[in-house]
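1. My questions concern the predicted model and sequence given below.
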Amino acid sequence: MHIYLVGGAVRDKLLNRPVVDHDHVVVGALPEQLLALGYTPVGKDFPVFLHPETGEEYALARTERKSGRGYHGFVFQADPTITLEQDLARRDLTINAIAEDEHGALTDPFGGRRDIEARMLRHVSPAFVEDPVRVLRVARFAARFAPLGFSVADETMALMRRMVADGEIDHLVPERVWAEMRKALGEAQPSAFLRVLRACGALAVLLPEVDTLYGVPQRAEFHPEIDTGVHVEMVLDAAARLAPGDDVVGFCALTHDLGKALTPAGELPRHIGHEHRGVAPLRALAARLKVPNEHAALAELVCREHLNAHRAFELKPATVLKLLLVLDALRRPARLEAFLAACAADKRGRLGHGDDDYPQAAYLRAARAAAAAVDAGGFVGQGLTGPAIGQAMERARLEAIAALRANPAPG
C-alpha cells in the first residue's frame with residue numbers, strides 16, 4: 001500500500017499558496033485494509049475514507065468510464081491493480097494531476113509542473129469532455145488563478161466549445177451549477193469565470209440573463225466602459241476586492257444590472273427603470289439555480305435599491321429611513337454592510353473609477369446608527385402607549401437622520 005498527496009494540495013504548494021485541503025490517493029489497497037486501520041468510509045460512488053486522526057480524505061486509486069450523459073454517467077473501478085498514473089489520468093487539469101509521496105518526490109506524468117510555470121490551464125486527456133462539470137471547474141480555476149497570469153489553453157477551450165455544442169452541459173443539475181458558481185464568486189477575479197464561460201458558449205446556456213448584458217450600451221459619461229457586460233465583470237472584481245471571499249456580495253454584483261438587458265432599444269443608452277426591470281430575471285435565475293434565500297433576497301434589494309444608495313445625499317430623511325427599513329438594517333447591520341459593499345462595487349466597477357471613494361456608505365451607516373439609537377423606553381416613560389409609541393419613534397428617527405444632514409461628521 002502506497003499513499004500520495006494529490007490534487008490541489010500539491011498544486012498550491014508548487015504555487016507557494018496556502019494549502020487548505022489535503023487529499024490523498026491510496027494505491028495497492030483494499031477497503032478492508034483501511035477499515036482495519038480505523039479509517040471511516042464516506043464515499044457513496046467509490047471508496048473514500050477519512051483518516052482516524054486528521055479527518056483528511058483518502059481515496060482508493062480508481063479509474064472512471066463514461067456510461068451515460070451528464071456528470072452522473074460514470075462507472076468507477078477501484079482495486080489494488082489501479083496504478084497512480086491511471087488515477088491521475090482521470091483528473092481534469094494537468095495542474096491538478098500531480099502526486100507527492102511521503103518523501104516529497106513528485107509524480108507528474110502529464111506535465112502539470114510545466115503548466116504551472118507556463119500559467120496554463122490545460123486538460124489532462126480527451127476524456128475531459130466526458131464530465132460537463134469540468135467546464136465550470138475550468139472557469140472557476142480561471143477566477144482563482146487569473147491574478148497569477150493563468151489562462152485557458154487553446155486546445156482545452158476547443159474541447160469546452162465542443163462540449164457546449166454537443167449539449168453535454170445541458171445535463172448539469174442546478175445544484176452543481178450553483179455550487180461551482182458560488183465558489184467562483186468568492187474567488188479573487190470572478191470576472192474570469194464569466195469570460196471563460198462566454199468564450200466557450202456556456203454562459204448563454206447556464207446564465208442567459210447575464211449573457212444578454214454583453215453588447216448593451218450605457219451612457220459614456222457614467223460608464224466609460226460602455227458595454228454592460230464589461231461593467232458587470234468590473235463590478236464583480238471590485239466586489240472581490242471590497243468583500244474578499246463573500247459570495248453573497250458577489251452574487252449581488254453579478255445580478256444588480258440584469259434589467260439593462262430589457263431596456264427598449266429606443267431608450268438606449270439610457271436605462272430608466274432598469275432597477276425594477278431587473279427583478280424578474282433575477283428571480284428567474286435564482287429559482288432555476290436554487291440559489292439560497294439570503295443570496296436571492298439581498299441581490300433583489302441591491303437590484304432595486306442601488307440607485308437610492310448612490311443618491312443617498314439627495315434623499316429625504318423619510319426615504320433614507322424607508323431604505324434602512326426595507327433592508328432590515330436596524331436589526332441586521334451586517335446586511336447593510338453587504339448591501340453597501342455591492343453598491344460601492346457598482347460605483348467602482350467603471351473604467352477609470354476603480355479607486356473612487358463611496359461616501360454614501362459612511363452616511364448610510366451613520367443614518368442607521370442614529371435611527372437604531374432611538375429607543376421605545378423613553379416614550380413609554382412619557383406615558384405613550386400602542387401605536388403612539390411607533391409614531392413617536394418614527395418622528396425621532398427622522399429627526400436624527402435630518403440632524404446628520406445638518407451637521408455632517410468631519411471628513
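-> Received, thanks.

2. now the strands for the stretch 51-200 of the chain?
-> 57-60, 63-66, 74-77, 99-100, 106-107, 120-121, 151-152 (DSSP state E, counting those that start in this stretch).

3. TSV please, covering these and showing mean pLDDT, mean neighbour count and distance to residue 230.
-> For every residue, glycine as well, the C-beta is placed using N, CA and C. Formatted as TSV, those follow (pLDDT from 0 to 100; neighbours: other C-beta atoms under 10 Å; distance: least, C-beta to C-beta, whole Å):
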stretch	mean pLDDT	mean neighbour count	distance to residue 230
strand 57-60	90	22	40
strand 63-66	71	15	37
strand 74-77	66	14	38
strand 99-100	96	22	40
strand 106-107	97	16	40
strand 120-121	98	22	22
strand 151-152	98	20	18
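
4. Of all the residues in the host helix or strand of residue 286, which ones are buried?
-> Using DSSP states H and E, residue 286 maps to helix 279-289. Going by neighbour count (16 or more other C-beta atoms under 10 Å), the buried part of helix 279-289 is 279, 281, 282, 283, 285, 286, 289.

5. Format those as TSV; extra columns: pLDDT and distance to residue 153.
-> Shown next, in TSV, are the buried residues of helix 279-289 (pLDDT from 0 to 100; distance: C-beta to C-beta, whole Å):
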residue	pLDDT	distance to residue 153
279	98	40
281	98	33
282	98	34
283	98	37
285	98	30
286	98	33
289	97	28
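
6. Of those, which is the nearest to residue 324?
-> Distance to residue 324, by C-beta to C-beta, is smallest for residue 279 among those, at 20.0 Å.

7. Does that closest one touch residue 302 like I think?
-> No. Using C-beta atoms under 8 Å, residue 279 is not in contact with residue 302; the gap is 10.9 Å.

8. still on that earlier bit, report the distance from the helix holding residue 286 to the chain centre.
-> How far helix 279-289 lies from its chain's middle: 16 Å, per C-alpha atoms, centre = their mean, to the nearest Å.

9. helix or strand right after it?
-> helix 293-310.

10. Can I get that following helix as CSV, trimmed to CA atoms?
-> The C-alpha trace of helix 293-310 is given here as CSV (Å, rounded to 0.1, in the frame of the first residue of the first chain):
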residue,chain,number,x,y,z
ASN,A,293,-32.8,32.5,0.1
GLU,A,294,-30.4,35.1,1.6
HIS,A,295,-28.4,35.4,-1.6
ALA,A,296,-31.6,35.9,-3.6
ALA,A,297,-33.2,38.3,-1.1
LEU,A,298,-30.2,40.6,-0.8
ALA,A,299,-29.5,40.5,-4.5
GLU,A,300,-33.1,41.7,-5.2
LEU,A,301,-32.6,44.5,-2.7
VAL,A,302,-29.4,45.6,-4.4
CYS,A,303,-31.0,45.4,-7.8
ARG,A,304,-34.0,47.5,-6.7
GLU,A,305,-32.2,49.9,-4.4
HIS,A,306,-28.7,50.5,-5.6
LEU,A,307,-29.6,53.8,-7.3
ASN,A,308,-31.1,55.0,-4.0
ALA,A,309,-27.8,54.2,-2.3
HIS,A,310,-25.9,56.1,-4.9
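
11. can you pull the buried residues of it?
-> 295-296, 298-306, 308-309.

12. One more: stretch 36-52?
-> 39, 43, 47, 48, 49, 50, 51.

13. now do stretch 89-108
-> 89-100, 107-108.

14. would you turn the buried residues of helix 293-310 into a markdown table with pLDDT?
-> What follows is the buried residues of helix 293-310, written out as a markdown table (pLDDT from 0 to 100):
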| residue | pLDDT |
| --- | --- |
| 295 | 98 |
| 296 | 98 |
| 298 | 98 |
| 299 | 98 |
| 300 | 98 |
| 301 | 98 |
| 302 | 98 |
| 303 | 98 |
| 304 | 98 |
| 305 | 98 |
| 306 | 98 |
| 308 | 97 |
| 309 | 98 |
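
15. Now flag whichever of the residues you listed is closest to residue 398.
-> Checking those one by one against residue 398 (C-beta to C-beta), the nearest turns out to be residue 308, at 16.4 Å.

16. check contacts around the closest one.
-> Residues near residue 308 by C-beta atoms under 8 Å, 6 or more residues apart in numbering: 315, 319, 323.

17. quick one: it and residue 324, what's the gap?
-> 11 Å (C-beta to C-beta, to the nearest Å).

18. what do you get for residue 355?
-> In terms of C-beta to C-beta, residue 355 sits 27 Å off from residue 324.

19. Have a look at those two and say which one is more surrounded.
-> residue 324 (20 against 8; other C-beta atoms under 10 Å).

20. tell me the pLDDT at that one?
-> Residue 324 carries a pLDDT value of 98.

21. Can you tell me, leaving aside adjacent residues, what's nearest to it?
-> Once flanking residues are discounted, residue 324 sits nearest to residue 368: 5.4 Å by C-beta to C-beta, 6 or more residues apart in numbering.

22. At which residues are the helices of the stretch 151-300 of the chain located?
-> Applying DSSP state H, counting those that start in this stretch to the stretch 151-300 of the chain gives helices spanning 154-165, 174-185, 191-200, 202-206, 208-211, 228-242, 247-255, 274-277, 279-289, 293-310.

23. With distance to residue 136 as added columns, please give those helices in CSV.
-> Shown next, in CSV, are these (distance: least, C-beta to C-beta, whole Å):
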stretch, distance to residue 136
helix 154-165, 10
helix 174-185, 4
helix 191-200, 8
helix 202-206, 8
helix 208-211, 14
helix 228-242, 16
helix 247-255, 14
helix 274-277, 28
helix 279-289, 12
helix 293-310, 17
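
24. Buried deepest among these, which one?
-> Ranked by average neighbour count under the criterion mean count of other C-beta atoms under 10 Å, the helices of the stretch 151-300 of the chain are headed by helix 247-255 at a mean of 29.
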